[in-house]
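Student: Fold the stuff below for me.
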Amino acid sequence: MTAVTTGVQERQEHIDFLDMRRRIRAIFIGSVGNLVEWYDFYAYAAFALYFAAAFFPSADPVVQQLNAAVLFAAGFLVRPLGGWLFGYLADHHGRRGALMLSVGLMCFGSLMIAVMPTYASIGIYAPVVLALARILQGLSLGGEYGTSATYLTEMADERHRGFYSSFQYVTLIGGQICALLVLLVLQKVFLTADEIRAWGWRIPFFIGALLAIIALVMRRTLDETEAFAAARTVARRTSSLRALMNHPREVLLVVGLTAGGTAAFYTYTTYMQKFLKLSVGLTDDQTTLVTLSALVFGIVLQPIYGAISDRIGRKWLLIAFGVTGVLFTIPLLTTLQNAKGPFAAFLLIAAAWMIVSGYTSINAVVKAELFPTNIRAIGVGLPYALTVSIFGGTADSVALWFKSLGHEAWFYYYLTGMIGISLLVYVFMRDTKADSAMHRHE
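Tutor: Below you'll find the model as predicted:
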């Protein structure tokens with residue numbers, strides 16, 4: 001009897017091991033694809049300091065960067081459309097197909113930028129074509145977020161859902177790190193600053209297109225999630241938007257909990273490179289090294305905070321971000337503006353990351369836990385994309401606009417206000433770890 005029991009236990013342990021390996025493999029492949037998508041998208045931000053003059057002739061570098069930031073924001077404006085389109089595909093036809101299509105579209109957008117003529121060659125058509133490429137990338141990324149957040153959350157086991165889903169932002173930040181590493185290697189090893197400005201800025205977009213093809217091939221082998229397969233057998237066929245409108249409270253929650261977090265995230269990532277260069281006064285090399293080091297620090301924090309949320313719940317981590325963000329944003333940015341050297345700047349941005357990670361590490365799992373399976377991808381993706389378009393993608397433009405007016409500090413108050421609004425939402429929302437919709441179908 002003991003031998004039979006032992007044999008049964010061994011078989012069950014073997015099955016559990018195979019299931020865990022399958023989940024980890026799927027999460028890894030999904031995460032790698034997410035990294036490539038964000039690398040492609042953020043290569044634009046990392047190299048904007050070099051290629052802005054090729055598309056926006058001006059004697060004022062702040063104006064050039066403002067124009068480039070406006071196009072960066074344009075990529076965000078179409079993200080809601082991508083969130084709806086890919087959310088529909090993911091909820092009706094499967095997560096895997098939507099993930100493959102999104103990375104394929106990103107590949108095409110990156111390749112367009114890589115081969116694009118400059119203003120000197122085709123005049124006003126250069127920024128127009130650049131805007132089109134950014135629109136395609138924005139559509140792709142709008143679909144990627146909701147679909148990958150849904151996929152990673154559904155593939156994770158319930159006890160470690162916060163930890164595993166945090167890898168969405170690990171790879172999201174990792175994409176930015178890869179873009180900065182490419183910039184650093186080009187700066188230090190292969191090209192001069194003038195060569196990067198002349199033609200070297202095209203290299204990262206060629207690399208991104210190639211990586212996207214590799215990610216597309218890898219995503220072909222992804223398993224569909226069990227949650228989608230189960231929901232597909234019981235869910236009624238209805239309009240995704242109509243079904244989503246049956247959950248107005250959850251939609252508003254996504255908007256509210258995202259607004260402050262996304263504004264803070266894009267402040268300390270995409271805008272920070274320009275801030276260090278134009279406001280703090282660091283050199284090109286120092287700007288790249290400080291930004292890169294801060295991102296590496298931020299990436300380490302994500303799974304730690306995600307694991308903490310599996311123990312204490314999601315709500316308290318969000319509240320901690322909101323409270324510390326309201327209290328310390330203005331002092332941090334004011335001190336950073338007057339930082340004496342790159343090390344001091346790094347320490348201040350690292351402190352900011354310890355605040356912002358309370359949002360970034362778990363925002364994907366919180367949103368996924370709000371919605372039933374058959375509208376989860378569009379429920380996560382669409383309201384998130386709308387909010388990021390308004391408050392995240394515009395962070396660069398708003399900050400540079402205040403700077404151009406001579407009132408840069410106004411942006412610090414703007415960011416604090418956005419975090420304060422989200423804090424009110426965190427205080428009154430339910431803790432999705434304890435009250436999750438992960439196993440519900442409609």
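Student: Next one: the residue nearest the centre of the chain relative to Ser166, how far apart?
Tutor: Nearest to the geometric centre of the chain sits Leu172, at 4.9 Å (C-alpha atoms, centre = their mean). Computed as C-beta to C-beta, to the nearest Å, the Leu172 to Ser166 distance reads 10 Å. For the C-beta atoms, the positions are set from N, CA and C on the backbone; glycine is no exception.
Student: Could you do Asp157 as well?
Tutor: 14 Å.
Student: and what of Pro372?
Tutor: Here the distance between Pro372 and Ser166 works out to 23 Å (C-beta to C-beta).
Student: Please apply the same query to Ile349.
Tutor: Distance from Ile349 to Ser166, by C-beta to C-beta: 20 Å.
Student: neighbour-wise, which of the two wins?
Tutor: Using other C-beta atoms under 10 Å as the criterion, Ile349 and Ser166 rank with Ser166 on top: 30 against 25.
Student: thought that one was touching Tyr305?
Tutor: Yes - judged on C-beta atoms under 8 Å, Ser166 makes contact with Tyr305 at a distance of 6.7 Å.
Student: between these two, what contacts are shared?
Tutor: 361-362 (C-beta atoms under 8 Å, 6 or more residues apart in numbering).
Student: Against Tyr88, how distant is the residue nearest to the centre of the chain?
Tutor: According to C-beta to C-beta, Leu172 and Tyr88 sit 23 Å apart.
Student: so which helix or strand takes in the residue nearest to the centre of the chain?
Tutor: helix 167-185 (DSSP states H and E).
Student: what mean pLDDT would you report for that helix?
Tutor: For helix 167-185, mean pLDDT is 84.
Student: now for the helix or strand following it, which elements pack on it?
Tutor: Later in the chain than helix 167-185, the nearest helix or strand by DSSP H and E is helix 193-198. When contacts are defined as 3 or more C-beta pairs under 8 Å, 6 or more residues apart in numbering; DSSP states H and E, helix 193-198 packs onto helix 2-55.
Student: And what about Leu370, helix, strand or coil?
Tutor: coil (DSSP: H, G, I helix; E, B strand; the rest coil).
Student: Go ahead and confirm Ala409 touches Thr335.
Tutor: No - counting by C-beta under 8 Å, Thr335 is not a contact partner of Ala409; they are 12.0 Å apart.
Student: could you point out where the stretch 301-442 of the chain is predicted with low confidence?
Tutor: Scanning the stretch 301-442 of the chain with the threshold set as pLDDT under 70 gives 434-442.
Student: residues in contact with Gly82?
Tutor: Here Gly82 is in contact with 102, 138-144, 381, 385 (C-beta under 8 Å, 6+ apart).
Student: err, Trp38, not the other one
Tutor: Here Trp38 is in contact with 141, 171-176 (C-beta under 8 Å, 6+ apart).
Student: picking that back up, flag every buried residue along the helix holding Leu172.
Tutor: Of all the residues in helix 167-185, those buried under the rule 16 or more other C-beta atoms under 10 Å are 167-184.
Student: same question, stretch 301-313
Tutor: 301-303, 305-306, 308-310, 313.
Student: of the residues you listed, closest to His247?
Tutor: Ranked by distance to His247 (C-beta to C-beta), the buried residues of stretch 301-313 are led by Gly313 at 21.4 Å.
Student: how much space is there between that closest one and Arg79?
Tutor: Gly313 is 29 Å from Arg79, by C-beta to C-beta.
Student: all helices of the stretch 101-250 of the chain, in order?
Tutor: Counting by DSSP state H, counting those that start in this stretch, the segments of the stretch 101-250 of the chain that form helices are 119-122, 125-155, 161-165, 167-185, 193-198, 203-219, 226-234, 240-244, 248-267.
Student: Of those helices, which is nearest Arg376?
Tutor: Of the helices of the stretch 101-250 of the chain, nearest to Arg376 by C-beta to C-beta is helix 125-155, at 4.8 Å.
Student: Mind listing what's buried along that closest one?
Tutor: Buried-residue list, helix 125-155, by 16+ other C-beta under 10 Å: 126-127, 130, 133-155.
Student: ok, now stretch 112-121?
Tutor: 112-114, 116, 118-119.
Student: how long is that stretch from one end to the other?
Tutor: Length of stretch 112-121, first residue to last, C-alpha to C-alpha, to the nearest Å: 16 Å.
Student: just stretch 368-375 next, same as before
Tutor: 10 Å.
Student: Equivalent analysis for stretch 333-344, please.
Tutor: Using C-alpha to C-alpha, first and last residues of stretch 333-344 are 12 Å apart.
Student: Give me the buried positions along that stretch.
Tutor: In stretch 333-344, counting by 16+ other C-beta under 10 Å, buried: 333, 336-337, 339, 342.
Student: distance of the closest residue to Gly393 other than its chain neighbours from Gln137?
Tutor: The shortest distance from Gly393 to any non-neighbouring residue, by C-beta to C-beta, 6 or more residues apart in numbering, is to Phe76 (2.6 Å). Going from Phe76 to Gln137 by C-beta to C-beta gives 10 Å.
Student: Nice, that's everything, thank you.
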